[in-house]
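1. here is the input, now give the coordinates:
(one chain, ligands or ions: 1)
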Amino acid sequence: MGLSWEKVDDIFLTKNPPAIKSIYEKPLLLHQGHMQWLYDHEGRRYLDLLGGILTVSVGHYHRKIVAAVEEQLKTLWHTTTLYRHSKQFEFIEKLTSKLPEKLQVVYLTNSGTEANDLAIVLAKCYTGHNDIISLQNSYHGNSSSMMALTAMQSFRQPIPVPPGFHHAMVPDPFRNEWGGCRDCISQVPDSCSCTGDCLSTDKYIDQLKEVLEFSIPNRRVAAFFAESIQGAGGIVQFPKGYIKRAQQLIKEHGGIFVADEVQTGFARTGDTFWGFESHGIIPDIVTLAKGIANGLPFAAVVTTKEIAEAHTKANYFNTFSGNALAAAAGVAVLEVIDDENIQDHCKKIGEYFIRQLIQLQQQFPIIGDVRGKGLMLAMELVRPGTKENLSDDCMIRMHQRLKDLGVLTGLGGRNLNVLKITPPMCITKEDVDFAVSVFNDVFKQFS
Ligand code: PMP
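-> Prediction:
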C-alpha cells in the first residue's frame, strides 16, 4: 500500500533532497515493525540496533503499548494544555515515583528540543542569570537556541546563534589528551580502585573553571547542561567524579544542573533507571524525550517546586503537549519497563554484548574503542594502530554494508567514526550473536 517505490525515489532524488536526508545510499523505506525487527517495502528484515534512534524503547508494535494507545483512541485523542485529562496525571504520578523526591514538578512537551528549551527558560527565571554552559560534542536539539547549546558542529548551521552559550571541554577518555580512568566507566565487572578524583578529572574541572572565569560576565551562570552519556556525540562516558564536581562548581557560581536524559533515561543504561544516578547526583532539572512514549511525540521537563515557582509570571502554553495518546503510551512504557524487568535485561544483555564487542576488538585493529553500558554501546573505528578516524567514505560504506546484511546501526561521534548501538530494549542474546556475526563479516571485508 502507499506510494510506489519509483514515486518515493522520485520525491527523494529529484523533488525534495534538501529536506529529506537519507543515511543510506537510498532511503530505507520501512513498512512494518515488530519488537526489535523492522521490515522494508520489499519484506526484507532488519535487526534494529538503533531503535528508531532510541525512540522505540520497548519494541516496535509492542502489544501492551498498542493496546494502551488503542484504548485511549476510543475515548479522547487530545485536549489542549488549557484542559486536562487523567492520563496526563497518571503519567506524571508514575514518572515522579521513579525520580528523586525533590523532582516532583513535571512539564509536558513534544520533543527533546522543546524540553531543553524550556529548561533554559526555567534556569534563567530561577537564577536570574543568563549564561549557559554545555559540553563540547554534546547534542541537545535543533531549534536556534538548541543550536547554541549543542556543540556538535555537524548539527550547527553557519548562522549566528543567541548569545550567552559556552562550551566546556568534554571529558572524553578515548579522544581527549587528558584521558580518564577507563576501568571505572566500564560495565565489564573488573575491579577498579579509582576514587573518581584522578588527575584527568581535575584537569577537566580546571578547564570548566576557566570557562567560568574567563568567558562569563560576573562569573555568574544560569545552568550547566550535560547528557549522562553523550549519545549523538558517540556514546562518550565521562570519568567518575566529573559530573558531581561540575555540579558543585556550577552551584558555587549561582547556577543549576540540567541532566539531559533524553537518551540515557528509562532503564537503558542497565545499572540505574536514570543515567544521572550513576554519577551519584540529583539534578535540579531533568529533561526526557525519545523512548518516553515508545515513538509517539512526547517529552518532559521535571524540576523542583522552587524552580517551577520562579516561572509563574507568564503562562506556559504548548498546543500538543500532554497529548492523550502519547500520555497513554507513556504510562504503558513505564508499566512495561517494570513488568518485563527491562532494566535488569538491559544490564545483562548489555554486559553480554559488550564482551562480544571486546572480543571483536581483539581481532580487528580498526576497532579503536569499545564503550558504553547497558544497551547504549559503541565502537569507535580508527586506522589500525592509530587514533586517526576511519575515513568518512569507509564509514558510510561500512554502515551501508551492515544494513545490506540486515543490521541497522547508528553512525555518529564528533568525527562520524562511531558505530552506535542503541536497540529497542527487548533484544535477545540470539540477536546479539547475529549482530556480532554480521559485524565480524563486515570488519573482515573492510580490514
Ligand atoms: N537531547 C539529546 C541527548 C538528544 O539525543 C536529542 C535527539 N537526538 C535531543 C535532546 C533532541 O530531541 P528531539 O529530537 O526530540 O528534539
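2. in the stretch 201-350 of the chain, which spans are helices?
-> For the stretch 201-350 of the chain, the helices defined by DSSP state H, counting those that start in this stretch occupy 242-252, 305-309, 324-339, 342-363.
3. can you list these in TSV and add mean neighbour count, distance to the ligand and mean pLDDT?
-> Where you see a C-beta, it was placed from the backbone N, CA and C, and this is true even at glycine. Compiled in TSV, the helices of the stretch 201-350 of the chain are given as follows (neighbours: other Cβ atoms under 10 Å; distance: least, Cβ to the nearest ligand atom, whole Å; pLDDT from 0 to 100):
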stretch	mean neighbour count	distance to the ligand	mean pLDDT
helix 242-252	19	14	97
helix 305-309	15	19	98
helix 324-339	22	12	98
helix 342-363	18	18	97
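4. dump those to a markdown table, plus distance to Phe266.
-> Conversion of the helices of the stretch 201-350 of the chain to a markdown table gives the following (distance: least, Cβ to Cβ, whole Å):
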| stretch | distance to Phe266 |
| --- | --- |
| helix 242-252 | 19 |
| helix 305-309 | 22 |
| helix 324-339 | 6 |
| helix 342-363 | 8 |
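5. closest one to Ile282 among those?
-> Ile282 sits nearest to helix 242-252 of all the helices of the stretch 201-350 of the chain, at 8.9 Å, using Cβ to Cβ.
6. which other helices and strands contact that closest one?
-> helix 199-215, strand 223-227, strand 256-260 (3 or more Cβ pairs under 8 Å, 6 or more residues apart in numbering; DSSP states H and E).
7. who in the stretch 201-350 of the chain is up against the ligand?
-> 227, 231-232, 260, 262-263, 289 (Cβ under 6 Å from any ligand atom).
8. is Arg371 within a helix or a strand, and which one?
-> Here Arg371 sits within strand 367-373, counting by DSSP states H and E.
9. hmm, who's touching that strand?
-> Strand 367-373 is contacted by residues 174, 185-187, 229, 235-237, 269-271, 278, 350, 354, 357-358, 360-361, 377-382, 387, 421, 443 when judged by Cβ atoms under 8 Å, 6 or more residues apart in numbering.
10. buried stuff in that strand?
-> Neighbour counts using 16 or more other Cβ atoms under 10 Å place 367-373 of strand 367-373 among the buried residues.
11. pLDDT and distance to the ligand for those - can I get that in CSV?
-> Shown next, in CSV, are those (pLDDT from 0 to 100; distance: Cβ to the nearest ligand atom, whole Å):
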residue, pLDDT, distance to the ligand
Ile367, 97, 24
Gly368, 96, 23
Asp369, 95, 20
Val370, 96, 21
Arg371, 95, 17
Gly372, 95, 14
Lys373, 94, 16
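12. what about the stretch 151-300 of the chain, any weak spots by pLDDT?
-> 182-197 (pLDDT under 70).
13. in it, which residue sits closest to the ligand?
-> Proximity to the ligand, evaluated over the stretch 151-300 of the chain using Cβ to the nearest ligand atom, is greatest for Val262 at 3.6 Å.
14. does the nearest residue to Gln445 once chain neighbours are set aside count as helix, strand or coil?
-> Sequence neighbours aside, Arg401 is the residue nearest to Gln445 in space, at 6.9 Å (criterion: Cβ to Cβ, 6 or more residues apart in numbering). For Arg401, the assignment made with DSSP: H, G, I helix; E, B strand; the rest coil gives helix.
15. quick check: pLDDT value at Arg401.
-> For Arg401, the pLDDT comes out at 97.
16. so it versus Cys394, what's the distance?
-> Look at Arg401 and Cys394: by Cβ to Cβ, to the nearest Å, they are 10 Å apart.
17. who touches both of these two?
-> When Cβ under 8 Å, 6+ apart defines a contact, the residues bordering Arg401 and Cys394 alike are Phe446.
18. how about the residues of the stretch 1-150 of the chain by the ligand?
-> 111-113, 116, 139-141.
19. can I get those in a markdown table with secondary structure, neighbour count and pLDDT?
-> Converted to a markdown table, those look like this (DSSP: H, G, I helix; E, B strand; the rest coil; neighbours: other Cβ atoms under 10 Å; pLDDT from 0 to 100):
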| residue | secondary structure | neighbour count | pLDDT |
| --- | --- | --- | --- |
| Ser111 | coil | 20 | 97 |
| Gly112 | helix | 24 | 98 |
| Thr113 | helix | 22 | 98 |
| Asn116 | helix | 27 | 98 |
| Tyr139 | coil | 23 | 97 |
| His140 | coil | 31 | 98 |
| Gly141 | coil | 21 | 97 |
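20. closest to the ligand out of those residues?
-> Nearest member of those to the ligand, counting by Cβ to the nearest ligand atom, is Gly112, at 2.3 Å.
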